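Student: Here is a sequence together with a model predicted from it:
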Amino acid sequence: MTYSDFGNKFTRHAGITQLMDDLDEGIRAGDEMIMLGGGNPAQIPEMTEIFEQHLRTSLENSQLLNALCNYDAPQGNKAFISNLAHFFREQFHWDINEENIALTNGSQSAFFYLFNLFAGKGKNHKRVLFPLAPEYIGYEDSGINEDLFIGNKPSIEFLADRQFKYHVDFENLSLDESIGLICVSRPTNPTGNVITDHEIGKLSQLAKQHQIPLLIDNAYGLPFPNLVFTEQASPFWDDNTILCLSLSKLGLPGTRCGIVVAKPETIKAISNLSGIISLSPGSVGPALANEMLKDNSLLDASNNIIRPFYQHKSQQAMAWLQQAIPSSKFRIHKSEGAMFLWLWFEDLPISDKQLYQQLKQQGLLIVPGSYFFPGVSNNWRHTQECIRLNFAQSEANVKRGIEILASVVNPLLAE
């Protein structure tokens, strides 16, 4: 079958497609496969109760039925957008109104729109700069044009207890007229790194100097779902910032609801793209989240249920890993947020993808680290020495998964 250039690009193998296929395969395999790979959030009992309560309320007041039976505007559900704008004004004193917010069918759709709005072929070929690699696996294949991304290698700070932390290497961060957009995730997927307020401030200033937007992927961040374990981070937005949020990590990935906060010109562009590509974003997620905004349970649950749950899970998994893998060649990135641990096996004698296959044969799914370095040369050996591990699953599965991981990597690190 003959495809267009677009068809050839988007039908070839992609890391994000493998991740989602593995997620589905793991679910269908049941107890035979331990799924510590994909980004599926945990089912937290307290959050399930909140969702059930608001679903009942939405049914009783007909909001859920209205959402199911009607299209929203391409910009998204107007009632939710209005209440969300009020929330941002009240909580953070941001100068935001309804013209600053658009909804999309998940954050992944928003990134596709935004990357290709600000980068690619045009008067000049523009690129997206990731100032701190590694970065999210779903970015790399989302450009319509080839060679859309450039990644900046981090500086590495070595910490006690075989931990380390990536920082933006500003001394080697190069911006010129070829850059159309700067993008960071906060917390960073896959590492759990939270770039500091100081780093965000410097990136914002660089973006303004070069008259390009700063895109912050806030899918795990502040103010919701607040999977942030450090106090050294504050919510950030200004009119040169594009802030992307999501309902997925609240525990609602099936609603496919992404939120874009930006200046009105960008929101108009997103809305136009949404209308052309998908008519309108889904309505069920906004209807449910709107009820949570009204009674403040969105923020309260993020701060008092979701964050403590994942922080405990992170600390527990780190302790098990440190005990199970004693090698000095093994390090864990400092866990400051999200639902992943980033594991580094220095001088690993096989590649990360070979390790992935060996672990899969033993019944454990993880994600190879080399998928997380968009725009960075794979000649850097570090890109093939890391893996991402999801600690959001049950205690028993995480512990058993770590036992399988240790049984495979300990002999390799001893070679």
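Tutor: Sure, I can see it. Numbering: from 1, shown residues only.

Student: Please count neighbours and contacts with C-alpha atoms only from this point.
Tutor: Noted.

Student: Going along the chain, name the helices of the chain.
Tutor: Under the criterion DSSP state H, the chain contains helices at 5-11, 15-29, 45-60, 63-69, 78-92, 107-118, 197-209, 264-278, 284-294, 297-301, 307-324, 352-361, 395-414.

Student: So which of those is nearest residue 146?
Tutor: With CA to CA as the measure, helix 5-11 is the member of those nearest residue 146 (8.5 Å).

Student: Contacts made by that closest one with the rest, please.
Tutor: Helix 5-11 has contacts (CA atoms under 8 Å, 6 or more residues apart in numbering) with 141, 144.

Student: avg pLDDT for that helix?
Tutor: Per-region confidence: helix 5-11 scores 82 on mean pLDDT.

Student: Based on its surroundings, how many neighbours for residue 282?
Tutor: Neighbour count for residue 282, taken as other CA atoms under 10 Å: 25.

Student: picking that back up, let's have the helices of the chain in a markdown table, adding distance to residue 330.
Tutor: Converted to a markdown table, the helices of the chain look like this (distance: least, CA to CA, whole Å):
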| stretch | distance to residue 330 |
| --- | --- |
| helix 5-11 | 36 |
| helix 15-29 | 24 |
| helix 45-60 | 34 |
| helix 63-69 | 49 |
| helix 78-92 | 41 |
| helix 107-118 | 32 |
| helix 197-209 | 27 |
| helix 264-278 | 43 |
| helix 284-294 | 41 |
| helix 297-301 | 35 |
| helix 307-324 | 9 |
| helix 352-361 | 14 |
| helix 395-414 | 8 |
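
Student: Of those helices, which is nearest residue 381?
Tutor: helix 352-361 (10.3 Å).

Student: what angle sits between the closest one and helix 395-414?
Tutor: Here the directions of helix 352-361 and helix 395-414 differ by 130 degrees (axes from the mean of the first three to the mean of the last three CA atoms, to 10 degrees).

Student: Tell me which other helices or strands helix 352-361 touches.
Tutor: Under the contact definition 3 or more CA pairs under 8 Å, 6 or more residues apart in numbering; DSSP states H and E, helix 352-361 sits against strand 367-368, helix 395-414.

Student: at 7 Å what do you get?
Tutor: The contact analysis (3 or more CA pairs under 7 Å, 6 or more residues apart in numbering; DSSP states H and E) places helix 352-361 against strand 367-368.

Student: Could you list the paired strands of the strand it packs on along with their orientation?
Tutor: strand 386-390 (antiparallel) (DSSP bridges).

Student: dump the residue contacts of residue 104.
Tutor: Residue 104 makes contact with 110, 257-259, 281, according to CA atoms under 7 Å, 6 or more residues apart in numbering.

Student: If we go by neighbour counts, what in stretch 325-334 is buried?
Tutor: Within stretch 325-334, the residues scored as buried using 16 or more other CA atoms under 10 Å are 325, 327, 330-334.

Student: what are the bridge partners for the closest residue to residue 39 other than its chain neighbours, then?
Tutor: Closest residue to residue 39 apart from its sequence neighbours, by CA to CA, 6 or more residues apart in numbering: residue 390 at 6.9 Å. Beta-bridge pairing for residue 390 (DSSP bridges): residue 340.

Student: Many thanks, we can stop here.
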